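Visitor: sharing a model prediction with you, sequence too.
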Amino acid sequence: MKTVLLSFVLFVSSSIAVSAQNNSEMLGRPTDSSVTLNVMFDSPADVYVEYGTVKGNYTCTTTVTGTVAGTPVEIKLSGLQPNTRYYYRSRYRKSGATTYSTGAMHTFFTQRKKGSTFCFTIEADPHPYDKKGSWGLWPICLNNQLKDSADFMLDLGDTFGDDHYPTTITSEQMKKLHLSVRNFFDDVCHSMPLLFCMGNHEGESGYYLLQTPPENLAVYGSLWRKFYFSNPYPDGFYTGNNNEEAFGIGKPQNYYAWEWGDALFVVVDAYRYYTSSAKPRGWDWTIGKEQYDWLKQTLETSSAKYKFVFTHHVLGETRGGVGVAMLNEWGDAAKFEANRPGWGGLPIHQLMVKNNVNVFFQGHDHVYAYETLDNLVYQTTPMPSDSTYIIGIRDNGAAFTGKVIGGSGHLRVNVSPDSVKVDYVSALLPKDESDSLRNGQVVFSYSVKNKTASAVSSVKANPDEWSIYPNPASEEIHLSLNNIQENNAVLSINAMDGRCIRRIALNDILPQGNNLSINLNDGVNLSAGLYALSLSHGNSISHKLLIVK
């Protein structure tokens, strides 16, 4: 336990250095007519909120609420107009003060009307509590998302908890973890509501809930997550888990759905309903019949043009996307009825395909991976905090068959009436930027069309798509080109400090066609490490990361 306690102390110190402030404000639960502002002060205070539709002109105010030091309060800004941008600021008076101080002005958007264009962002697996996550890089990625002017952010888990020591961790340690993570979100979620999806490391599984209740990891995690963060629950705008759980948990706020503009958003909890073991395999893993029934009804009754489903990972604890999508409860149609008697439905993959889900988003594997199966996109989200830029592709890249890219960053999703565009936006520390690879740069993107509008394929990647494999590589890479004029294309291999190590004019090897083999050690000796590849042709340039082992 000494190691765990030390990591907590270091983490709290680091997070305070990132965001040292005496009051914190976070948005959650955006709807058509309200939003929830979660406010916390480091000493007793009175607080109210001013808000309006014109910057600097606050025509509405909330009542004054008293707060206790270190204890969040939820202030609901209600009576709002749909499809409208609002501006707000807090007014607060610390204990003993006679006048109110003024907080910074922030902003948010209410539910978009159908036919609107809007943006949201996705991140997954910041891992701030262990060696995978970089305390310096995650804030950079968070600020990249804030710059996107997103209507909200979805975090796909492995964010709040720590199940590495599940039988010895204490409630006080879990409190420190959740509070420390809040310090990071405070810096951006004042103007970008946070919506959370459970990861495996949150520890909120059905298995842990049964271990010596209420003194267990899952109960601690549920209580402190709800204490510090305002996740959706069924309220007439959101649907979801309406059950009241014991030990003060109440509604667990773990799965939910809502519509925004032309899109349906469905967040699924992959962990709360298995009980056989801490890491179930095969048919022991389940989302539970009640959540399955809700998912089925939600997909079948929605007429939204676009449908998105989010969970931490296919089958909870596996690796890969489409490679495991046809297994067990997720996709084994032949054995579904025998293993799920009385469910009267389809496996989850087939259920999504039947109901025209456009993209399934997941995390867990710490790498960007774009795959398709049965005209459904399986999109794996990169880490926002991997300062090595290789953890995911090194450890889990082989589990994928589609477009797999290393690095760190987030997904930016732009929804318009005509299509949905998904961008992989890079996050880099300043020391790792180069002329060819910058923080905030779009590494890869693709567009998805409305499935019901046309019988043709709904997924169209960038026309200048190119790929490299294997990655990681040792002696040779294969370059696959599509719609690129090779006679003016140049491939550059660059060190992460910006130095160009090698330039290859592709017309020199044109006889090989669109699939080119390149010897990495031809004229140079590439040591093991991370390199930035740049492909330029005409007025276009695009970039990828290559790991040399």
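Guide: Happy to help now that I have it. Note that the structure is a prediction, hence the values are computed from the model and not measured. Numbers count the residues shown, from 1 in each chain.

Visitor: and the closest residue to Gly261 other than its chain neighbours, what pLDDT?
Guide: Distance criterion Cβ to Cβ, 6 or more residues apart in numbering; nearest residue to Gly261, sequence neighbours excluded, is Arg112 at 3.7 Å. C-betas here are computed from N, CA, C, even on glycine. Confidence at Arg112, expressed as pLDDT, is 98.

Visitor: over to the one 10 residues further on?
Guide: The confidence metric pLDDT takes the value 98 at Ile122.

Visitor: tell me which strands the helix or strand hosting it pairs with, and in which orientation.
Guide: For Ile122, the host element (DSSP states H and E) is strand 118-123. Strand 118-123 has its sheet partners listed here by DSSP bridges as strand 153-155 (parallel), strand 409-415 (antiparallel).

Visitor: touching it from outside, list them.
Guide: 109, 112, 141-142, 145, 148-156, 192, 260-261, 310, 361, 381, 384, 410-415 (Cβ atoms under 8 Å, 6 or more residues apart in numbering).

Visitor: how distant is it from the center of its chain?
Guide: 9 Å (Cα atoms, centre = their mean, to the nearest Å).

Visitor: the chain should start at 876 in everything you say after this.
Guide: Shifting the count to begin at 876 puts that one at strand 993-998.

Visitor: hmm, back to that, now the strands paired with strand 993-998 in a markdown table, with mean neighbour count and mean pLDDT?
Guide: Below are the strands paired with strand 993-998 laid out as a markdown table (neighbours: other Cβ atoms under 10 Å; pLDDT from 0 to 100):
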| stretch | mean neighbour count | mean pLDDT |
| --- | --- | --- |
| strand 1028-1030 | 25 | 98 |
| strand 1284-1290 | 24 | 98 |
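
Visitor: dump those strands to a markdown table, plus distance to Glu949.
Guide: Shown next, in a markdown table, are these (distance: least, Cβ to Cβ, whole Å):
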| stretch | distance to Glu949 |
| --- | --- |
| strand 1028-1030 | 18 |
| strand 1284-1290 | 26 |
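
Visitor: what residues of the helix or strand that the strand holding Ile997 is followed by count as buried?
Guide: Next in sequence after strand 993-998, counting helices and strands by DSSP H and E, comes helix 1012-1022. By neighbour count on 16 or more other Cβ atoms under 10 Å, the buried set for helix 1012-1022 is Leu1012, Trp1013, Pro1014, Ile1015, Cys1016, Leu1017, Asn1019, Gln1020, Leu1021.

Visitor: give me the helices and strands touching helix 1012-1022, please.
Guide: Using 3 or more Cβ pairs under 8 Å, 6 or more residues apart in numbering; DSSP states H and E, the elements in contact with helix 1012-1022 are strand 993-998, helix 1046-1061, strand 1284-1290.

Visitor: mean confidence for it?
Guide: Averaged across helix 1012-1022, the pLDDT comes to 98.

Visitor: tell me which residues are up against it.
Guide: 893-894, 996, 998, 1001, 1003, 1028, 1059-1060, 1062-1063, 1066-1067, 1259-1262, 1283-1285, 1287, 1300, 1302-1304, 1314-1315.

Visitor: ok and it relative to strand 1284-1290, angle-wise?
Guide: 10 degrees (axes from the mean of the first three to the mean of the last three Cα atoms, to 10 degrees).

Visitor: and helix 1012-1022, how far out from the chain middle?
Guide: 12 Å.

Visitor: what does stretch 954-966 give?
Guide: With Cα atoms, centre = their mean as the basis, stretch 954-966 stands 25 Å off its chain's centre.

Visitor: export it as CSV, just CAs?
Guide: Extracted in CSV, the C-alpha atoms of stretch 954-966 (Å, rounded to 0.1, in the frame of the first residue of the first chain):
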residue,chain,number,x,y,z
GLY,A,954,-36.3,28.1,-18.1
LEU,A,955,-33.8,28.2,-21.0
GLN,A,956,-34.7,28.4,-24.7
PRO,A,957,-33.7,25.4,-26.9
ASN,A,958,-31.1,25.8,-29.6
THR,A,959,-29.6,28.8,-28.0
ARG,A,960,-26.2,29.9,-26.7
TYR,A,961,-26.1,31.2,-23.2
TYR,A,962,-23.5,33.1,-21.3
TYR,A,963,-23.1,32.9,-17.5
ARG,A,964,-21.0,33.9,-14.5
SER,A,965,-21.0,33.0,-10.9
ARG,A,966,-21.3,35.6,-8.1
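
Visitor: can you show me the helices along this protein?
Guide: For the chain, applying DSSP state H gives helices covering 877-893, 1012-1022, 1046-1061, 1081-1084, 1092-1103, 1164-1176, 1203-1206, 1208-1214, 1223-1229, 1266-1271.
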